[in-house]
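# fold the following.
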Amino acid sequence: MGFLRQIAEYFYIKKRDPKEPNTGWIRYMHFINRLSIFMFLVAIIIIIIRMVFFRKH
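Numbers count the residues shown, from 1 in each chain. Okay, here's the model as predicted:
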């Protein structure tokens, strides 16, 4: 499975493979991965905003 496909499945952009087992632990892992990717993207956006708008001259 490709990296971008896995991320698309985490954010419900792409439908998951129906043959893949669906256990509770897999759902927990996917939730934690989804949360960490979201937090990373928010942090990158905050860093970019601070660099653009609050730059010291």
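# chain center to the single longest helix found in the chain: distance?
The longest helix of the chain (DSSP state H) is helix 24-53. In terms of CA atoms, centre = their mean, to the nearest Å, the centre of helix 24-53 is found 6 Å from the chain centre.
# per-residue confidence averaged over that helix?
The average pLDDT for helix 24-53 rounds to 90.
# packing partners for that helix?
Secondary-structure packing of helix 24-53 (3 or more CB pairs under 8 Å, 6 or more residues apart in numbering; DSSP states H and E): helix 3-10. For every residue, glycine as well, the C-beta is placed using N, CA and C.
# what about Ile45, neighbour count?
Look at Ile45: counted by other CB atoms under 10 Å, it has 10 neighbours.
# and Met51, by the same measure?
9.
# mind listing what it touches?
Residues in contact with Met51 (CB atoms under 8 Å, 6 or more residues apart in numbering): none are found.
# distance of the nearest residue in space to Ile26 that is not next to it in sequence from Glu9?
The shortest distance from Ile26 to any non-neighbouring residue, by CB to CB, 6 or more residues apart in numbering, is to Glu20 (8.0 Å). Using CB to CB, to the nearest Å, Glu20 is found at 9 Å from Glu9.
# more neighbours: these two, which one.
Per other CB under 10 Å, whichever of Glu20 and Glu9 has more neighbours is Glu9, with 18 against 10.
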